[in-house]
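Novice: Let me see the structure of the following:
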Amino acid sequence: MPDPSPERPDYSSYLESSDIIDYDNSLIQDVVDQLTNGINDNVSKVRSIYEFTRDHVFHSFEINATSVTIKASEVIDQGHGTCFSKSHLLAALMRAAGIPTGFCYQVLYDTDLERLVVHGFNGVYIEELQKWVRMDSCTHKDQDDLGFDPLDEQSVRPINTNLGESDDYIIYSSPNKRIIKLFLNSDTLEDLKTLIPAAI
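Specialist: Just a heads-up that it's a prediction; the model follows:
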């Protein structure tokens with residue numbers, strides 16, 4: 001398996017705030033302050049932020065939510081998000097803590113939709129390890145029974161090429177524009193479900 005690599009050599013682009021990764025929002029600032037208070041090393045900060053996003057933010061489809069969240073602050077405010085939205089939140093929290101974070105994508109087979117769909121998650125740069133680590137905050141706690149290991153991508157879903165699934169090892173500095181447009185054009189999760197593309 002190849003190592004994940006950043007799209008841009010300048011890591012400052014992986015620390016930027018935006019309309020979607022709106023970590024200047026007070027809701028994001030309050031949460032990151034609580035999660036990292038008293039923690040000095042980045043490995044522990046990454047673990048704390050990852051576990052919060054994984055365990056305390058629901059997946060929109062799993063709880064049959066009616067609203068569509070896209071901005072990081074919306075995900076915090078409403079307590080749920082899709083894989084893409086949760087990746088926006090995790091990026092906002094990490095970036096607010098000074099940890100470079102980007103966006104990763106896979107194409108996976110969705111058994112409910114019976115077709116291939118794009119799946120979003122994150123790549124995080126851990127300075128102490130001098131490496132990028134991919135992590136998926138949509139992994140369930142009971143599936144991640146060994147706990148988060150920053151040295152291992154154990155939260156990232158394995159690819160089944162027999163189903164047409166594929167992996168992209170590039171870590172992008174911004175969320176995919178096509179995905180963002182899809183969210184902005186979806187009033188409900190049902191709308192969104194039918195629009196999720198099979199390729200980026």
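
Novice: so where is this protein shaky, pLDDT-wise?
Specialist: The chain contains residues with pLDDT under 70 at 1, 141-151, 154.

Novice: Just want the most central residue of it.
Specialist: Compute the mean C-alpha point of the chain, and by Cα atoms, centre = their mean the closest residue is residue 87, 1.9 Å away.

Novice: Can you name the residues that contact that residue?
Specialist: 103-104, 120-122, 137, 175 (Cβ atoms under 8 Å, 6 or more residues apart in numbering). Heads up, the C-betas are built off the backbone N, CA and C, glycines and all.

Novice: at 7 Å what do you get?
Specialist: 103, 120-122, 137 (Cβ atoms under 7 Å, 6 or more residues apart in numbering).

Novice: Out of the residues you listed, name the ones that lie in helices.
Specialist: Among those, no member falls in helices (DSSP state H).

Novice: Would you check that residue 84 makes contact with residue 179?
Specialist: Yes - with contact defined as Cβ atoms under 7 Å, residue 84 and residue 179 form a contacting pair (5.6 Å).

Novice: Now list whatever residues contact both of those two.
Specialist: residue 120.

Novice: higher neighbour count, the two?
Specialist: residue 84 (26 against 23; other Cβ atoms under 10 Å).

Novice: Give me the nearest residue to the residue nearest to the centre of the chain, chain neighbours excluded.
Specialist: Nearest residue to residue 87, sequence neighbours excluded (Cβ to Cβ, 6 or more residues apart in numbering): residue 120, at 4.7 Å.

Novice: Kindly report the same for residue 77.
Specialist: residue 27 (6.0 Å).

Novice: Confirm that the one you found sits in a helix.
Specialist: Yes - assessed by DSSP: H, G, I helix; E, B strand; the rest coil, residue 27 belongs to a helix.

Novice: Could you verify my assumption that it touches residue 73?
Specialist: Yes - if you go by Cβ under 7 Å, residue 27 and residue 73 touch, sitting 5.0 Å apart.

Novice: For those two, indicate the residue with more neighbours.
Specialist: Between residue 27 and residue 73, counting by other Cβ under 10 Å, residue 73 is the more crowded of the two (23 against 16).

Novice: Let's verify the more buried one: helix, strand, or coil?
Specialist: helix.
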